[in-house]
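S.K.: Here is my input, please return the structure:
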Amino acid sequence: MRVAIVGQQDFGKAVLEAFLARGDQVAAVFCAPDKEGARPDALRAAAQGKGLKVHQFKSLRAPEAVQAMKDAAADIGIMAFVLQFAPQEFVNVPRRGTIQYHPSLLPKYRGPSSINWPITRGETQTGLTIFRPSDGLDEGAMILQKSTPVGENDTLGTVYFERLFPMGVQAMLEAADLVHAGKHKETAQDESRASYEGWFREAEARINWANHADVIHNLIRGSDPAPGAWTTLNGVKLQLFDSRKELVRTFSAVRGKIGEVLGVEAGRLVVAAQGGRLQAGKAKLGEGKKLGAEELVASGAIKAGQLLGT
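M.R.: Residues are numbered from 1 along each chain as shown. This next block holds a predicted model:
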């Protein structure tokens, strides 16, 4: 199979290496231009290291990008973690068209932060979709889906790196084989079930201590490791990671004020919350390093009795 890879970063690199490992021919690789001061793009570096033709167009709408895809004469285009918009005149060039990876069970959670949002909202299942890119964002016909459970203490990191990343690489191979052989089915997305969410960034990751412990726990998990759920301590930003929750059952079990640091238990920073207590295994205060909660408290930077969100 002759493929053209469109993507970036570690996932794009893994997809490239998976196709090469089984003997497919990579006709061209398309990456976004490297950002000044950023580390070299992993896909670009890997492709150039293997002597492959690499294109870095500012826009895939450019006539030069479309011509480069034509010159590749690929059987199928493979879009692996693509943030650039790819128009139909680009994705329709390969003989069997193009397929794209999206880390959610479409049509739910369309958009650029589709792993953060399901965890933050307490979903117990998520997954991935391989679909046909259209001019709408994540709206094209679906070819293949894979699901995975989301545990109570799963984080963005565990869901993506342990499951959606490796599952996604294998799903791209499987879908490409189906499409190349003409054995695939394309299913239109059910718009009545669709949802779109935008970027999940620093503003979305701010902790509101008036929310229930369940909500805060999910927010910390969905922000871990990035962008990092945060609050303030005496005006200094405090990020919390590795969350656990402990619900209270009786009035007599309630301790402290909402947002109050109760201390350290079993190496975890314990904070009072509505309906229970939050336990953070790691935290980062200001410009300091991410530390184990016990180490941070032992340094004197955080003390029992202090109120977070102040």
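
S.K.: Name the residues of the least confident helix or strand in the chain by mean pLDDT that are buried.
M.R.: Least confident helix or strand of the chain, by mean pLDDT, DSSP states H and E, is helix 293-298 with a mean of 92. Applying a neighbour-count criterion of 16 or more other CB atoms under 10 Å, one finds 293-294, 296-297 buried in helix 293-298. For the C-beta atoms, the positions are set from N, CA and C on the backbone; glycine is no exception.

S.K.: With stretch 249-263 instead?
M.R.: Using 16+ other CB under 10 Å as the test for burial, stretch 249-263 gives 256, 258-263.

S.K.: how near is the residue sitting nearest the centre point of the chain to residue 108?
M.R.: Central residue of the chain (CA atoms, centre = their mean): residue 115, 4.5 Å from the mean position. Applying CB to CB, to the nearest Å, the value for residue 115 to residue 108 is 12 Å.

S.K.: circling back to that earlier point, adding distance to residue 164, write the buried residues of stretch 249-263 out as a markdown table.
M.R.: Formatted as a markdown table, these follow (distance: CB to CB, whole Å):
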| residue | distance to residue 164 |
| --- | --- |
| 256 | 37 |
| 258 | 34 |
| 259 | 33 |
| 260 | 36 |
| 261 | 34 |
| 262 | 35 |
| 263 | 36 |
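
S.K.: Dump the least confident helix or strand of the chain to CSV, keeping only the CA atoms.
M.R.: Taking C-alpha atoms only, helix 293-298 is exported to CSV below (Å, rounded to 0.1, in the frame of the first residue of the first chain):
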residue,chain,number,x,y,z
ALA,A,293,2.0,16.4,48.2
GLU,A,294,3.8,15.2,51.3
GLU,A,295,7.0,16.8,50.1
LEU,A,296,5.3,20.1,49.3
VAL,A,297,3.6,20.2,52.8
ALA,A,298,6.9,19.3,54.5
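
S.K.: Helices of this structure, residue ranges please.
M.R.: Secondary structure of the chain by DSSP state H: the helices cover 9-21, 42-49, 63-72, 88-91, 116-120, 156-159, 165-181, 213-222, 293-298.

S.K.: on that earlier part again, please identify which pair of the buried residues of stretch 249-263 lies farthest apart.
M.R.: Greatest spatial distance among those (CB to CB): 258 and 263, at 16.0 Å.

S.K.: Reformat the buried residues of helix 293-298 as TSV; add distance to residue 125.
M.R.: What follows is the buried residues of helix 293-298, written out as TSV (distance: CB to CB, whole Å):
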residue	distance to residue 125
293	30
294	34
296	34
297	36
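
S.K.: Would you point out the most distant pair within those?
M.R.: Once CB to CB is applied, the buried residues of helix 293-298 give 294 and 296 as the farthest pair, at 7.4 Å.
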